[in-house]
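A.B. asks: What shape does this take:
(chains A and B)
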Amino acid sequence: MAFTPKTAPFSGKINAVTLGTGDKAIVIGGQNVMPFYTFDAPIENAPKIGIEISDLAANWDAPALKEFYAGCTTMVDYAKRAETMPGADFLCLHFESADPNGANRSVADCVADAKAVADAVTMPIVIMGCKNIEKDGELFSKIAEALQGKNILVLSARNEDYKTVGASVALAYGQKVGAETADDINLAKQLNIMLKGLSINPENIVMNIGTAAVGYGFEYVASTLDRVRLAALAQSDADLQMPIMSPVSPDAWSVKESTATEEDEPAWGSREERAIDMEVSTAAANLTGGADAVIMRHPAAIATIKKFITELV
Amino acid sequence: MALKGLDIFKLSPKKNCKECGSPTCMAFCMKVAQGAVSIDKCPYFSDDAKAMLNEQTAPPMKTITVGSHKLGGETVLYRHEKTLVNKNLYAVAVGTSLSAEEADKKLADLQKVDYERIGERMYVEFVFVANTQSDPAVYAALVEKAAATGRDLVLECWDVECAKAALAVAGKNVILDGATPDNWEAMNELATANGVALGVSAGTLSDLYDTVKKLEGKGNKNLVLDVTGKTAKETLANAVLVRRTAIKDGDRSFGYPSIVNIARLAKGDDHLQTAYASMFTEKYGSILVMEHMTYAQALPLYGLRQNIFTDPQKPMKVEAKIYPLNGADENSPCALTVDFALTYFLVSGELERSNQPVNLIITDASGMSVLTAWAAGKFSSTTVKKTFEELDVANKIKNRTLIIPGKVAVMKGEIQEKLPGWNVVVGPLEAVQLPKYMKDKEYEAAAKAAAAENAAKAATTVEVKELSFDELLATKVPEIKVVDMGVKYKGHNPESPTFVTIGERIHCIAPSIRKAMDERDPEPILKRAAEQIAAGATYLDVNIGPAEKDGPERMMWAVKLLQENFNNVPLALDTANKRAIEAGIKVYNRTNGKPIVNSADAGSRISYIDLAAANDAICIALCSADGIAKDNEERMKHCHNMLERGMSLGMEATDLWFDPLFLVVKGMQDKQMEVLEAIKLFSNEGLKSTGGLSNNSNGAPKTVRPIMDSALVAMCMMQGLTSAIVNPNDLRLMETIKSCDIFKNHVLYSDSYLDL
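C.D. replies: Next comes the predicted model:
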């Protein structure tokens, strides 16, 4: 009795969402199979990699990372350099310094940076805020306005601010909006329903279903990814068929494995190598679970994940 | 799917003759399913049924044991469906193509990674020894060296003579990864003769399947499948298809653990190997073979593995001990929190960010978060005291400042009392506030104040001896005044089949009730009681909180207050303080029904059954031990354990009210039908049941909750639920219950049945 594997695509399909414009525009999503299950059906669009550029990037002290961005001082410098990084598909501008409890940089300054970057680069742009609801609301709206026509993605609208962020970013300025929830499939579905309720087209929504570095409660991320994907594909749940973008680097670079000095943990070896492997493992685990795009930081980690994706699709 | 005790039960004679030694057929079938007794103990099972069971009791995927390690044995494809059972293990590859020095170095290096993370030893469990030449002596020499590391071995060797020589020196904890479509007969004999597991590989899945069939035909089911293909893409396809065929399609010929040779897929690229290993941790690799295992790779990979293979229904716990942070020593202050892993990571991370030396003391709270543990009595001054004694904190640390979580500020006084030498300080509410709190040394002033208070108290306090219930009643329980609340409890016949509602609203988690209990202020309590009785509650639950200090007099007061005011309304006594329950029963009037002890479980609270038995009370019995039962098999096991205990102590079976534990829809939607099935199982055995039904709609909008609760109660009553702990002031719910009692023919219909 010969073995014939049972293979078949699902009837449900992930929405294909376009980011950016022109030659460098990218499409994420579009597949009707579990991640990398090419034996069930071809993967429509390979997962994409975004390069994190923080306005606090001057503090990054990993030697090879510093070396890559040597001589860069402005966000524009960083962005132009990042565009040359092998494996880069899009850029993620991370306005950490806007945090009122931190540097409290003004919205106007951040918008000026975003505008300057958008004028200088051709890759699609994703915006990340500082996690302060009020500040992000204003920042997102102003950046979306300043970058009209660029088809950017703003991460993210949350349960607390989806009305203002969704209405300004997606409705008023025609950009793509992220829907961010924390490892909870019911909240993820609810937020998508609410965004659709504002008359935002589902093709303009991308999800961030929650993040964690591996080893730090990643089981919640993994199971949420599994469940969201199975609902979207096996149950054709249209409220969960949005593609998923996972910001990997902020978590991966802030856990002890990546931050402990070599003096503190002599057995562990090179701190930069540890951070790279932490970033690689977290990104690979997210992609295996269902992320359609990951946001990363280190050139070596990005080259690795690019190879990983190429080999598997 | 593996066969469950309940499936066996369907085929059983259902005579309950007890000839097998078990009290019921159901109990017997449960034991058979667990492998505790042989089915042959029952003289009445038909041969056909037995043959069918033997075929079906085989799990979909074999568990292969190598040394102390278990591989495979999975029953689901995704961890949220139930749980993954056996974590993937790591091997580092050496081979005959390496020089002796290279091999020695790799064998030495692979032993360097060896550490503990959340109670689990993290190390390279296997050495993968590849043979690519034909001299048996050469291979045996390398295998001998590999065996000397003390790690278990995977011998990748397709040459029969070399394999023979290797097995002679390899010991018993070995997988012989050598069978192919060409040599399987000879390798099978070798593996069988040596009693080791046999690894099988082939160029295609079809050939692999055929070879496994042939080996199974020879009676060998001690197999591992090497699914490594030519590319990562092909290997993922193999790993997924093999696992899916076994678990989803139930074809046991692919129901074996897998070997994935990542070293071969990404030779020379450690980072890419990390990426692949992460993928195969999630997708169905059992042994992952790496070229190296550095700390940089191990830290994320073992962390990921630990996450993926945690049981979704059991919280991840860290060890209860003193964690000195930022170079803390015996003179550094102490901070206290619970052993829930996420709490630990959050709190220790924030404390580390403060850069201030501090001793973080983790106390055993069954892996629950701070507030959950407090409410369940798992994080109390008693448990803290126990931890301090077990860890010998007082002798190890000289500093006497103890910072407790802000969320349990209410525990300050009790902890202070139990740990008299310490200055207890209430810390911030949220972990993110810790760095500032520590840096600004906000605790110092509070510690000073606590010390002064302690000194003042020490000067005045005298030892008091524990008073008997009668003495307490005479001296500590205020006299009860009967107030006319305009509501009369209309009585309850314990024999009536109608649904029993236990009103849940007198609960210490409500601030107004907590305050009223503390101050022995009758009014707020009587008000809530009157509302619930007016709404038709059968019983009232009285939750007095953990009440470690004055539990007995609190409970006596509450029981007398409620019963004397409301025509001896029957009560459920709800607290972690057992002496308080006993005291409450002492003053309890049974006119309208026995008191209910709320609650026992099959784990640390099993002795509440003894308490109920000794006091002729009803006992709510939670069908769980350590966390939520993973399936009905486990629920029923707990149910029968508690039933046996209660009956051996002379209880009536109907005085144990089994609680399946209602689960929240937002989060455990896919488990709802299982809970409903559990109720049916209780009912089939003639057992009574109850539970906190409204937990199902926790977190749902207020407008939706009554609708969900009503729908669920109707489904539950159809399944045979006999009682529930509910909010009787939910009109929709109460009307649904009354209507269901009509359909169940428990109450004779009249047009105004809702008003009765």
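A.B. asks: Residue B:398: neighbour count?
C.D. replies: 10 (other Cβ atoms under 10 Å in any protein chain shown). From N, CA and C alone the C-beta is placed, and that goes for glycine too.
A.B. asks: Pull the contacting residues for the residue in the stretch 201-313 of chain A positioned nearest to chain B.
C.D. replies: In the stretch 201-313 of chain A, the residue that lies nearest chain B is residue A:215 (2.1 Å; Cβ to the nearest Cβ). Residues counted as contacts of residue A:215 (Cβ atoms under 8 Å, 6 or more residues apart in numbering or on different chains) are A:255, A:257, B:117, B:299-300, B:302-304, B:306-307.
A.B. asks: try it again with 6 Å
C.D. replies: Going by Cβ atoms under 6 Å, 6 or more residues apart in numbering or on different chains, residue A:215 touches residue B:303.
A.B. asks: Ok, residue B:499 next?
C.D. replies: Counting by Cβ under 6 Å, 6+ apart, residue B:499 has contacts B:737, B:741.
A.B. asks: pLDDT at it, what is it?
C.D. replies: In the predicted model, residue B:499 carries a pLDDT score of 97.
A.B. asks: ranges for the helices of the stretch 1-150 of chain B?
C.D. replies: B:5-11, B:25-34, B:47-56, B:100-109, B:136-147 (DSSP state H, counting those that start in this stretch).
A.B. asks: what are the phi and psi angles of the residue nearest to residue B:655 when sequence neighbours are not counted?
C.D. replies: Nearest residue to residue B:655, sequence neighbours excluded (Cβ to Cβ, 6 or more residues apart in numbering or on different chains): residue B:618, at 4.8 Å. Dihedral pair for residue B:618: phi -80, psi 150, per degrees, to the nearest 10.
A.B. asks: Return the residues in contact with residue 262.
C.D. replies: Answering for chain A, as no chain was given. Contacts of residue A:262 by Cβ under 6 Å, 6+ apart are residue A:271.
A.B. asks: Chain B is the one I meant
C.D. replies: B:273, B:276-277, B:288-290.
A.B. asks: hmm, who's touching the host helix or strand of residue B:389?
C.D. replies: Assigned by DSSP states H and E, residue B:389 belongs to helix B:381-391. Contact partners of helix B:381-391, identified using Cβ under 6 Å, 6+ apart, comprise B:320, B:322, B:363, B:414-415, B:418, B:548.
A.B. asks: of those, the lowest pLDDT goes to which?
C.D. replies: In terms of pLDDT, the lowest of these is residue B:548, showing 79.
A.B. asks: count of neighbours near that residue?
C.D. replies: With other Cβ under 10 Å as criterion, residue B:548 counts 22.
A.B. asks: Need the distance between the two termini of stretch B:563-583.
C.D. replies: Separation of the first and last residues of stretch B:563-583 by Cα to Cα, to the nearest Å is 15 Å.
A.B. asks: got the contact list for residue 45?
C.D. replies: In the absence of a named chain, this looks at chain A. Counting by Cβ under 6 Å, 6+ apart, the residues that residue A:45 touches are A:27, A:30.
A.B. asks: wait, I meant chain B there
C.D. replies: Residue B:45 touches residue B:39, counting by Cβ under 6 Å, 6+ apart.
A.B. asks: Would you mind giving me the confidence score for it?
C.D. replies: Residue B:45 is assigned 85 on the pLDDT scale.
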